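1. my questions are about this predicted structure, shown below with the sequence.
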Amino acid sequence: MLADTGATLSLVYSRVLRRLGRSGEQLRPYEDLVRSSSGHMLRIRGWINVKLRLENIVVAKEVLVAERLNVDAILGVDTLGTFGAVIDVGERKMMLKGTGEVLPLGVMVVHETFRASMSVSVLLPPRGQALVMANLVGDADEKAVVLVEGWVGLPPTLCVVRTLCSVTDGQVIVELCNASTEGVWVTKGTVVASASVVPESAFASESKTDDVAKYAVASEGGETVATARGETTAVDLGEEVMAAKPDVPPKNESGMKADFSQSRLTEEQKALFQQELDRFWKVMEAEIQQYLELGLIRPSTSPWASPVLMIRKSDGDIRFCIDYRKLNAVTVKDCYPMPLIDDILDVLRGAKLFSTMDIASGYWNVPMHENSVSKTAFTCKYGLYEWMVMLFGSVTLCLRLNG
């Protein structure tokens with residue numbers, strides 16, 4: 001809980017209501033806008049009456065329910081005044097005038113959310129996308145990991161892909177998508193995304209052996225393989241990988257493989273690494289099973305291992321993500337630049353006939369080179385797996401696909 005003398009209203013995180021069993025309670029509507037200290041708008045569900053307690057004082061107060069907060073609750077000046085709170089910043093304490101009780105004020109780190117504005121102007125073609133650099137409004141820590149999401153004020157046809165990104169020189173990478181049938185100019189300075197700082201604890205490995213399978217590197221017969229300790233690997237999730245027929249289109253849209261190109265990862269140094277999974281979600285098993293049935297992954301004995309991150313989306317669903325930052329750190333970067341729209345338009349000058357190609361599930365249509373498959377390995381509760389097709393999250397493969 002945060003006592004904030006700069007907040008004019010008091011708010012409570014919606015997940016607190018779920019813990020209290022009041023998530024289905026009818027809320028009184030709230031029509032105005034609420035902005036955080038960083039300037040971005042908060043999604044407000046409405047008013048709710050709750051009982052608040054500080055030491056021996058209990059008051060009934062109407063507070064706003066926020067869709068998401070960095071803390072469970074924020075006590076604004078309205079609630080602090082009701083409690084008769086007097087804050088002594090120098091002594092770091094808060095006194096309640098009604099009872100004379102004194103509460104110590106601790107220093108809490110609140111992970112902020114920053115606005116991200118376009119650093120350059122970009123023309124998005126119809127149903128096209130582009131990777132752009134965006135400037136963060138505010139002082140974000142260098143190399144901080146942020147979750148990039150679309151700004152609430154964007155038009156419905158302009159989308160931002162939710163990604164994890166590291167802050168570099170006050171900038172982040174934003175992937176913009178134009179879902180309309182017309183070209184869209186996104187001018188320099190336009191706020192297109194919000195960047196929420198992800199705490200380091202989200203990437204910390206759990207120490208409980210009852211909940212987490214410990215992975216180690218053992219030497220067997222002169223070969224280094226990854227093995228699990230304390231938990232049986234769920235190999236029975238999939239025994240066979242579906243093979244695409246050579247001359248008949250497969251039943252699923254992701255089964256076709258392009259023979260003209262294979263993706264390869266070149267490591268800068270022979271520095272193998274293993275990272276343990278930090279969180280486990282029940283949806284993980286369903287995702288693994290689906291990828292096995294589509295022939296996208298296979299069980300692995302690779303010495304490489306990257307962790308899985310289950311990220312909750314704004315609609316409540318969970319996204320299956322893999323943290324390949326350590327793999328990217330030892331991968332030789334390609335020097336192939338992304339194609340510029342201006343250059344493409346110059347090439348098309350004078351052309352009369354045009355055609356388009358829908359590369360649905362484009363990453364899954366390009367196979368990985370056999371020498372690079374082992375480097376794509378990821379570890380999770382159900383075992384170690386590796387990608388047979390182009391993986392999401394690589395620092396170089398997205399450039400090859402778009403180039």
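-> Noted; the coordinates are in hand. Numbers count the residues shown, from 1 in each chain.
2. mind listing what's buried in stretch 70-81?
-> The neighbour-count check on stretch 70-81 (16 or more other C-beta atoms under 10 Å) flags 70, 73-77, 79-80 as buried. (C-beta placed from N, C-alpha, C; glycine too.)
3. of those residues, closest to Val137?
-> Asn70 (17.3 Å; C-beta to C-beta).
4. phi and psi next, for Leu345.
-> Dihedral angles of Leu345 (phi, psi; degrees, to the nearest 10) stand at phi -60, psi -40.
5. any weak-confidence spans in the stretch 101-250 of the chain?
-> Residue ranges of the stretch 101-250 of the chain with pLDDT under 70: 106-111, 200-250.
6. residue boundaries of the strands in it?
-> 102-104, 113-118, 122-124, 129-137, 145-150, 158-160, 163-166, 171-178, 184-186, 191-197, 214-220, 223-229 (DSSP state E, counting those that start in this stretch).
7. turn these into JSON lines, including mean neighbour count and distance to Ile57.
-> Below are the strands of the stretch 101-250 of the chain laid out as JSON lines (neighbours: other C-beta atoms under 10 Å; distance: least, C-beta to C-beta, whole Å):
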{"stretch": "strand 102-104", "mean neighbour count": "12", "distance to Ile57": "11"}
{"stretch": "strand 113-118", "mean neighbour count": "22", "distance to Ile57": "32"}
{"stretch": "strand 122-124", "mean neighbour count": "19", "distance to Ile57": "55"}
{"stretch": "strand 129-137", "mean neighbour count": "19", "distance to Ile57": "39"}
{"stretch": "strand 145-150", "mean neighbour count": "20", "distance to Ile57": "37"}
{"stretch": "strand 158-160", "mean neighbour count": "18", "distance to Ile57": "44"}
{"stretch": "strand 163-166", "mean neighbour count": "18", "distance to Ile57": "42"}
{"stretch": "strand 171-178", "mean neighbour count": "20", "distance to Ile57": "44"}
{"stretch": "strand 184-186", "mean neighbour count": "15", "distance to Ile57": "51"}
{"stretch": "strand 191-197", "mean neighbour count": "22", "distance to Ile57": "33"}
{"stretch": "strand 214-220", "mean neighbour count": "12", "distance to Ile57": "47"}
{"stretch": "strand 223-229", "mean neighbour count": "14", "distance to Ile57": "51"}
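8. and of those, who's closest to Ala351?
-> strand 122-124 (17.9 Å).
9. list the beta-bridge partners for Pro307.
-> For Pro307, the beta-bridge partners are Thr379 (DSSP bridges).
10. secondary structure element for Leu80?
-> In the assignment (DSSP states H and E), Leu80 maps to helix 77-83.
11. which other helices and strands contact that helix?
-> strand 44-54, strand 57-66 (3 or more C-beta pairs under 8 Å, 6 or more residues apart in numbering; DSSP states H and E).
12. can I get those strands in a markdown table with distance to Thr157 and mean pLDDT?
-> Output for these, formatted as a markdown table (distance: least, C-beta to C-beta, whole Å; pLDDT from 0 to 100):
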| stretch | distance to Thr157 | mean pLDDT |
| --- | --- | --- |
| strand 44-54 | 25 | 85 |
| strand 57-66 | 27 | 85 |
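13. a markdown table please, covering these and showing distance to Ile344 and mean neighbour count.
-> Shown next, in a markdown table, are the helices and strands packed on helix 77-83 (distance: least, C-beta to C-beta, whole Å; neighbours: other C-beta atoms under 10 Å):
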| stretch | distance to Ile344 | mean neighbour count |
| --- | --- | --- |
| strand 44-54 | 43 | 15 |
| strand 57-66 | 43 | 16 |
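14. re the thing from before, turn the strands of the stretch 101-250 of the chain into TSV, columns for distance to Gly6.
-> Converted to TSV, these look like this (distance: least, C-beta to C-beta, whole Å):
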stretch	distance to Gly6
strand 102-104	19
strand 113-118	16
strand 122-124	36
strand 129-137	18
strand 145-150	23
strand 158-160	29
strand 163-166	29
strand 171-178	26
strand 184-186	33
strand 191-197	19
strand 214-220	45
strand 223-229	49
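15. of the buried residues of stretch 70-81, closest to Met118?
-> Asn70 (25.6 Å).
16. against Thr113, how distant is the closest one?
-> 8 Å (C-beta to C-beta, to the nearest Å).
17. looking at the strands of the stretch 101-250 of the chain, which is nearest to Leu9?
-> Using C-beta to C-beta, the nearest of those to Leu9 is strand 113-118, at 17.7 Å.
18. contacts for the closest one?
-> Under the criterion C-beta atoms under 8 Å, 6 or more residues apart in numbering, residues 36, 38-40, 70, 132, 134-138, 140, 146, 148, 151, 172, 174, 186-197 lie in contact with strand 113-118.
19. what's the neighbour count on Val34?
-> For Val34, the neighbour count with other C-beta atoms under 10 Å is 15.
20. and if you look at Asn365?
-> 18.
21. that one and Tyr291, how far apart?
-> 15 Å.
22. ok, now Val122?
-> 33 Å.
23. repeat for Leu123
-> To Tyr291, Leu123 is 36 Å away according to C-beta to C-beta.
24. show me the contacts for the closest residue in space to Lys143 that isn't next to it in sequence.
-> Spatial nearest neighbour of Lys143, excluding adjacent residues (C-beta to C-beta, 6 or more residues apart in numbering): Ser166 at 5.5 Å. Residues in contact with Ser166, defined by C-beta under 8 Å, 6+ apart, are 143-146, 172, 325.
25. could you give the bridge partners of Ser166?
-> Val145.
26. ok, now Arg319?
-> With DSSP bridges as the rule, Arg319 is bridged to Ile311.
27. so it makes contact with Lys313?
-> Yes - taking C-beta atoms under 8 Å as the definition, Arg319 is a contact partner of Lys313 at 5.5 Å.
28. identify the contacts common to these two.
-> What both Arg319 and Lys313 touch, as defined by C-beta under 8 Å, 6+ apart, is the set Arg162.
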